[in-house]
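Asks: Kindly generate the corresponding structure for this input.
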Amino acid sequence: MANDLVERLQRAASAVIANEAPSILRDPENVKSVVIELVVTAQQQIGDADCYTMRRANLNRVLGLSHGGPIR
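Replies: The predicted structure is shown next:
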């Protein structure tokens, strides 16, 4: 039973990552992390999944600032 759960978790995580691939590949050099949450029910089923990609942002570039000083 435990091995079966691990196999299902692996399949679910793989499917979630494949679904998130367009977001990951859009700007891969700025990907900070990919967060996956798989919810396991009391019956040991995968009930739900959440996934999001966190990115680094260069605020000087985003705000059009040419220097590295503080943002005011």
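
Asks: can you give me the helices for this structure?
Replies: Here the chain has its helices, by DSSP state H, at 2-26, 59-62.

Asks: Dump these into a markdown table; add mean neighbour count and mean pLDDT as well.
Replies: Glycine gets a C-beta too; all of them are placed from N, C-alpha and C. Conversion of those to a markdown table gives the following (neighbours: other CB atoms under 10 Å; pLDDT from 0 to 100):
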| stretch | mean neighbour count | mean pLDDT |
| --- | --- | --- |
| helix 2-26 | 12 | 93 |
| helix 59-62 | 10 | 73 |
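
Asks: what's the closest of those helices to Cys51?
Replies: Nearest to Cys51 among the helices of the chain is helix 2-26 (4.7 Å), distances taken as CB to CB.

Asks: Quick one, which of the helices of the chain gets closest to Gln45.
Replies: Using CB to CB, these put helix 2-26 closest to Gln45, at 7.9 Å.

Asks: Run the chain-centre distance for that closest one.
Replies: 11 Å (CA atoms, centre = their mean, to the nearest Å).

Asks: Perfect, I'm done here.
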